[in-house]
Structure formats: C-alpha cells, structure tokens
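Enquirer: need a 3D model of the following:
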Amino acid sequence: MTERVRRAFKVEAMFRQLNDRIAETARRFHVEPADTADFVCECADAACDDNVEATLEEYARVRRHRRRFLLRRGHEDFAVERVVAVEPHYAVVEKLGGPP
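Expert: Sure, this is the predicted structure:
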C-alpha cells in the first residue's frame, strides 16, 4: 500500500469519526431519522471543509458497510475507491483494498 493510500484512509477515518459524533448528537437531541443533518465530507482531502446534507437514516445506511463513505459529489478518488451510489447531494464510495 502506498503512502498516499495510507494517508487517504487515515483522513477518511478521521472524518468518519466526526460524522459519527454528529449523528450521535442529533439522536441525543431526538432528531428524527428522516431529518437531515450537515455531515462532513469524508473524502481523502484533509483540507476539505465541505458539508454533505443527508438524513440520519441515509448516513446510517452508509455506515452499515465498513468500507463505505459519504462524500460530496466530485470528491471521489478513483485510485482508492469506487462509487456505489449517487444521490442529489452526495455520493457513496466503497474503499478498494487497504484497512477496513
């Protein structure tokens, strides 16, 4: 695995942890699963500060698969992931190889 791929996994995992906290906070405040929240783009760019609008239910669906991440459309890195779904406000990618 190249250093670039290792770094991408590390950045995406960091953004994933932040989004898990966003979802947990929303649940604590009794936000309904169909309500939207602004999640952080889980792309490999550490400088990305874009938000991704999705419902808590949509985010939970992405999280059911350990290798899937929620990204702003156009932020895909085809060297490390493939697109598995495209929605109006986001894309869902699945990591190729590397750590789960």
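Enquirer: ends of stretch 23-37, what's the gap?
Expert: Across stretch 23-37, the straight-line distance between its terminal residues is 8 Å, by CA to CA, to the nearest Å.
Enquirer: distance between it and the chain's centre?
Expert: Between the centre of stretch 23-37 and the centre of its chain there are 17 Å (CA atoms, centre = their mean, to the nearest Å).
Enquirer: and the helix or strand of the chain with the lowest mean pLDDT, what does it pack against?
Expert: Per-element confidence for the chain was summarised using mean pLDDT, DSSP states H and E. The lowest value among helices and strands belongs to helix 3-28, with a mean of 88. Secondary structure elements in contact with helix 3-28, counted by 3 or more CB pairs under 8 Å, 6 or more residues apart in numbering; DSSP states H and E, are strand 36-40, helix 56-63, strand 68-71. The way it works is simple: take the backbone N, C-alpha and C, and place the C-beta from them, glycine included.
Enquirer: what's the closest non-adjacent residue to R73?
Expert: Of all residues beyond its chain neighbours, the one nearest R73 is A91 (4.9 Å), with distances taken as CB to CB, 6 or more residues apart in numbering.
Enquirer: deepest of the helices and strands packed on helix 3-28, which one?
Expert: The highest average neighbour count among these, using mean count of other CB atoms under 10 Å, belongs to strand 68-71 at a mean of 24.
Enquirer: packing partners for that one?
Expert: The elements that strand 68-71 packs onto, with contact taken as 3+ CB pairs under 8 Å, 6+ apart, are helix 3-28, strand 51-55, helix 56-63, strand 91-95.
Enquirer: lovely, talk soon.
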